[in-house]
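*Asks:* Pasting the sequence and the predicted model now:
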Amino acid sequence: MQRLLASTVLAAGCFGGAWSAAAQDCGNVSLALHNVQSAELLTYVDKFILENGYGCTVETMPGDTVPSTTSMIERGAPDVSSETWVDLLPEIVPRGLEEEKIVYGAPALPDGGIQGWWIPKYLADANPDIKTVEDALARPELFPDPENPDKGAIFNGAEGWGATVVTAQLFKAYEAEDKGFNLMRPGSAAGLDGAIARAYEREEGFITYYWAPTALLGRYELVLLESTEEHDPEEWQRCTTNLDCPDPKVTAWPVDTVMTVVTKDFADRIDPAVMEYFNTRGWSNDMVAALMAWQADNQAMGEDGAVYFLEENKDIWTEWVPAEIAERIEAAL
């Protein structure tokens, strides 16, 4: 892996010298480097494409969703946040858009950020009648509690997660205890992942909270259970996200909007061809999950994952850029 990365960096460096004139045209670009694996991966894909395809000089700025986006609005830097879960910033992002401090590029994840309750695909295939949460809750014997097989079990998230509160409230709303289920509390992200891995490798049935895209969903095939109710924002705010609320009602998980966000100054000053790239590119949750699983299996960093993606998925990224830009990127690879 180190030899592969070193040779890639060397090739990119030699190639960058050949395109010094193009770099002057594109100028400097700063990319937010979020502490989230999927966002880090996309940032390094953007960095490689901008440097080697468009001749930009790219700097990464470590941060996270809230501080990076706030800085973009208040300070105008970094220029680009490649993956921003905008629904997590219900006050910050609308203000930035209204004040024309930031603008949207393309959806980074057109599928959206997906949360909910999942079951293993092998169980879904064996029981095609199980499509919804209600279908699953009617069959507790298919999802035995590891500590009490007479009961079914639902794996909750880690302590401190908002999704852990939501799962607990929906457990009440669905009256899952009365239907023969226990709510398991793994306590940590590692505990949840471990519970899923053990059950999956033993081909046992289970219901679990999880989200996409993630490395775990790239490794283990899970199927999202559907809700028979639409997402109700008022109910979500009133009770679903409030553990002290005594009377939660069934509502669907929202699909989180995940966008590329750029500063208005950047959008106005940069080469329009670069903005066209940011207004075009995006990838599926399945693609990201598979890449993150590859990184985990190979103990690879974000830069390695970006190179692997570009080498193995030319049919995807060549749709994001003009043919001549694609040729430069291929030459760098």
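*Replies:* Okay, I see it.

*Asks:* tally of neighbours for residue 172?
*Replies:* Residues lying near residue 172 (other CB atoms under 10 Å) number 19. To be clear about C-beta, it is placed using only N, CA and C from the backbone, and glycine gets the same treatment.

*Asks:* distance between the helix or strand that contains it and the chain's centre?
*Replies:* In this assignment (DSSP states H and E), residue 172 forms part of helix 162-173. How far helix 162-173 lies from its chain's middle: 21 Å, per CA atoms, centre = their mean, to the nearest Å.

*Asks:* what does it rub up against?
*Replies:* When contacts are defined by CB atoms under 8 Å, 6 or more residues apart in numbering, helix 162-173 is touched by residues 115, 117, 154, 156-158, 177, 181, 183, 185, 209, 211, 239-243, 245, 248-251, 253.

*Asks:* For the stretch 201-333 of the chain, which segments are assigned as strands?
*Replies:* Assigned by DSSP state E, counting those that start in this stretch, the strands in the stretch 201-333 of the chain fall at 207-212, 222-224, 258-263.

*Asks:* Which residue ranges of the stretch 1-150 of the chain form strands?
*Replies:* Using DSSP E, counting those that start in this stretch, the strands found in the stretch 1-150 of the chain span residues 28-34, 57-63, 80-85, 102-107, 114-120, 144-145, 148-155.

*Asks:* Next, the angle strand 80-85 makes with the first one.
*Replies:* Just to be clear, that refers to strand 28-34. Between the axes of strand 28-34 and strand 80-85, defined by axes from the mean of the first three to the mean of the last three CA atoms, to 10 degrees, the angle is 30 degrees.

*Asks:* Now do the contacts for residue 314.
*Replies:* So residue 314 contacts 326, 330 (CB under 8 Å, 6+ apart).

*Asks:* ok, it to residue 247 distance?
*Replies:* According to CB to CB, to the nearest Å, residue 314 and residue 247 sit 53 Å apart.

*Asks:* Residue 289 too?
*Replies:* 36 Å.

*Asks:* and what of residue 157?
*Replies:* Relative to residue 247, and taking CB to CB, residue 157 is found at 22 Å.
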